[in-house]
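A.B. asks: Sharing a model prediction with you, sequence too.
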Amino acid sequence: MADMPLSCVLLADRHHGLTEGVRGLLETAFGSVVMVADEASLVDAASRILPDVAVVDLSLARERGLGWLRAVRERCPGLKIIVLSVHDEQSVRAAATAAGADAFVLKRDIATDLLTAVELVRGDHGAEFVMGDNR
């Protein structure tokens with residue numbers, strides 16, 4: 001990751017404790033980390049600051065399901081989006097990918113898999129990437 005240029009990542013999660021830990025990890029790979037805690041802020045920040053990658057909790061907006069993902073994808077079609085989730089079901093992964101996620105990382109595996117996911121999506125390896133499949 002050291003050879004990657006300084007860039008920006010958008011981190012969206014309602015859970016402050018988890019967000020702080022993920023922020024520290026992402027700071028090792030990005031020049032800046034912008035944090036938001038709700039769907040409206042995510043869509044606005046993605047459109048306004050044009051980050052390289054967005055790392056977003058799947059349950060950011062429970063009442064609308066994956067509407068936030070579709071909204072961000074529509075406004076920022078080139079943005080790489082990594083979805084974080086506690087749900088390990090294939091149907092959840094498939095729904096996130098179908099809605100526009102470039103990668104899916106289980107929250108329990110953030111420490112080992114998130115930076116690998118960042119590296120892979122920044123290398124344009126496609127929407128099929130899912131961490132944790134071999135566990």
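C.D. replies: Okay, I see it.

A.B. asks: For the helix or strand hosting Gly21, buried residues please.
C.D. replies: Taking DSSP states H and E as the criterion, the element that holds Gly21 is helix 16-26. Of the residues in helix 16-26, 19, 22-23, 25-26 count as buried by neighbour count, 16 or more other Cβ atoms under 10 Å. All C-beta atoms are positioned from the backbone trio N, CA, C, and that covers glycine.

A.B. asks: and that helix, what's its mean pLDDT?
C.D. replies: In this model, helix 16-26 carries a mean pLDDT of 87.

A.B. asks: what's the span of stretch 82-101 from first residue to last?
C.D. replies: 6 Å (Cα to Cα, to the nearest Å).

A.B. asks: The protein: helices as residue ranges?
C.D. replies: Along the chain, counting by DSSP state H, helices occupy 16-26, 39-49, 67-75, 90-99, 110-122.

A.B. asks: Show me the residue sitting in the middle of this structure in space.
C.D. replies: With distances taken as Cα atoms, centre = their mean, Val55 lies nearest the centre of the chain, 2.1 Å away.

A.B. asks: mind checking how far the nearest residue to Leu115 once chain neighbours are set aside is from Ala61?
C.D. replies: Spatially, and ignoring its direct neighbours in sequence, Leu115 is nearest to Ala29 (5.8 Å; Cβ to Cβ, 6 or more residues apart in numbering). In this view, Ala29 and Ala61 are 26 Å apart by Cβ to Cβ, to the nearest Å.

A.B. asks: picking up where we left off before, out of the buried residues of helix 16-26, which is nearest to Leu10?
C.D. replies: Nearest to Leu10, judged by Cβ to Cβ, of the buried residues of helix 16-26 is Leu26 at 9.8 Å.

A.B. asks: sorry, back to before: please list all residues in contact with the residue nearest to the centre of the chain.
C.D. replies: 9-12, 22, 26, 82, 84, 114, 118 (Cβ atoms under 8 Å, 6 or more residues apart in numbering).

A.B. asks: That one pairs with what?
C.D. replies: Leu11, Ile82 (DSSP bridges).

A.B. asks: Cheers, nothing more for now.
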